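Asks: The sequence and its predicted three-dimensional model are supplied below.
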Amino acid sequence: MTIQKKTDPAADKILASRRSMLKKMGAGTAALAASTVAAPAIVRAQAPIKWRLQTYSGAPLGAHVIKPQIDAFNAAANGEMEIELYYADQLVPTAELFRALQNGTLDAVQSDEATMASPVDISVFGGYFPFATRYSLDVPALFRYYGLKEIWEEAYSEVENVKWLSCGAWDPLHIFTKEPIRSLADMNGKRVFGVPTAGKFLARYGLVPVTVPWDNVEVALQTGELDGVAWCGFTEAYEVGWADVCNYALTNSITGAWFGSYFANTASWEKVPAHLKELFLITIDQSHYYRAVWYWGGEAKLRVEGKKMELTSLPANEWAQVTTDAKGFWDEVAASSPRSAKVVQAFKTYAETMEKAGYPYR
């Protein structure tokens, strides 16, 4: 089936400008990483270490959320190690990522816990946890200063042969549909592709979460199998083509940033020399930064200047009800385990601190 792309000169100009800028940024980072690790005299292994890494994302999205990092790592590793990158469902179905990582089919994974069916009690917080964040910087701040790093390390220390490495922020969560949502009643019965935790929360308003392979989403929207997506923000919807088959965008954001992590098979990780481990972690940080700039550079401009989707909003009283319902959802999750309660308390403490701090530095 041929899908007709919508014409939107403003959006095309925005996307082209950011792609050019970020291509230069990625090349510069790779060159810097290469020069950094090339300086010391390192005895190279007889044969390069080979890894297979699969991401949750399809290729159009993966070109931004992970490929620049893997390219930079492979260049800077100077032949000592090479990571083969696979996109959504290429080696294993996304729902089986955790099991494939644990048994060594994959050496590393980029995903959120909920999407990859991670068997830890904090998996509910992976992806989009309703109203946990307002901005992308909230995610690293929570991990560095509010105890989430230690909680994640503790949780994965109890899982055999999987090592959690790092968590970063992705885009905010909006709902994009073929028919408009102008009230909570309009959500009822709409079949949307989305991430598990947000889908569970939004189901109370009648949205129906549907799981299909990532590469099939655009066609499923075109054929009527899906009515919309509750998976991403504006940057991503335009980049991957979903804005061409969705006509409306709900401006009410369920949360400000997605929680996504990197994981390694423990046995694979332990075989990597210390300097290459450090290089991999450095390029993960580079990936977190690249994504933050890529998403931030597009969200506001595409909402204002993008013409492919009409913007809609929920009435103020209904939106107030959603935020109140989220508080109850938080309490339900907190009651599920002592460790989940610690995460929810961190969210509450952070939110209180940001409220008292006033105008945010982003």
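Replies: Structure received.
Asks: Contacts for stretch 153-164, please.
Replies: Outside stretch 153-164, the residues within contact range by Cβ atoms under 8 Å, 6 or more residues apart in numbering are 98, 101-104, 118-122, 152, 261-267, 269, 339. From N, CA and C alone the C-beta is placed, and that goes for glycine too.
Asks: List buried members of the residues you listed by neighbour count.
Replies: Neighbour counting with 16 or more other Cβ atoms under 10 Å marks 98, 101-102, 118, 120-122, 152, 261-266, 269 as buried within the contacts of stretch 153-164.
Asks: wait, which of those is closest to L281?
Replies: Y262 (8.8 Å; Cβ to Cβ).
Asks: helix, strand or coil for that closest one?
Replies: Taken by DSSP: H, G, I helix; E, B strand; the rest coil, the conformation at Y262 corresponds to strand.
Asks: related to what we said a few turns ago, farthest-apart pair in the buried ones among the contacts of stretch 153-164, please.
Replies: Comparing all pairs in the buried ones among the contacts of stretch 153-164 by Cβ to Cβ, the longest separation belongs to D121 and W269, at 22.7 Å.
Asks: all helices of the chain, in order?
Replies: Along the chain, the stretches classed as helices by DSSP state H are 9-38, 59-65, 67-76, 97-102, 138-145, 148-157, 196-202, 217-223, 234-240, 266-270, 274-305, 316-334, 338-357.
Asks: Pick the most buried one from those.
Replies: Neighbour counts averaged per stretch over the helices of the chain are highest for helix 234-240, at a mean of 25; criterion: mean count of other Cβ atoms under 10 Å.
Asks: Now do it: everything it contacts.
Replies: By Cβ under 8 Å, 6+ apart, the surrounding residues in contact with helix 234-240 are 11, 15, 58, 60-61, 64, 171, 174, 176, 218, 229, 242-243, 246, 249, 294-295, 297-299, 302-303, 306, 308-309.
Asks: That helix: how far from the chain's middle?
Replies: The chain centre lies 13 Å from the centre of helix 234-240; the measure is Cα atoms, centre = their mean, to the nearest Å.
Asks: now swap in stretch 212-228 and tell me
Replies: Shown here is stretch 212-228, whose average C-alpha point lies 19 Å from the average C-alpha point of the whole chain (Cα atoms, centre = their mean).
Asks: Give the rounded mean pLDDT of that stretch.
Replies: Averaging pLDDT along stretch 212-228 yields 94.
Asks: which other residues reach it?
Replies: Under the contact criterion Cβ under 8 Å, 6+ apart, stretch 212-228 has outside partners 1, 3, 56-58, 88-89, 93-94, 175-179, 190-193, 210, 229, 231, 240-242, 244-246.
Asks: Kindly recompute the last result at 7 Å.
Replies: 1, 3, 57-58, 88-89, 175-179, 190-193, 210, 229, 241-242, 245-246 (Cβ atoms under 7 Å, 6 or more residues apart in numbering).
Asks: Give me the buried subset of the residues you listed.
Replies: 57-58, 88-89, 175-177, 190-193, 210, 229, 241-242, 245-246.
Asks: Filter those down to the ones in strands?
Replies: With strands identified by DSSP state E, the entries of the buried ones among the contacts of stretch 212-228 that belong to them are I175, F176, T177, R191, V192, F193, V210, V229.
Asks: any chance of the residues you listed in a markdown table, plus distance to I282?
Replies: Output for those, formatted as a markdown table (distance: Cβ to Cβ, whole Å):
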| residue | distance to I282 |
| --- | --- |
| I175 | 36 |
| F176 | 35 |
| T177 | 40 |
| R191 | 41 |
| V192 | 37 |
| F193 | 34 |
| V210 | 38 |
| V229 | 33 |
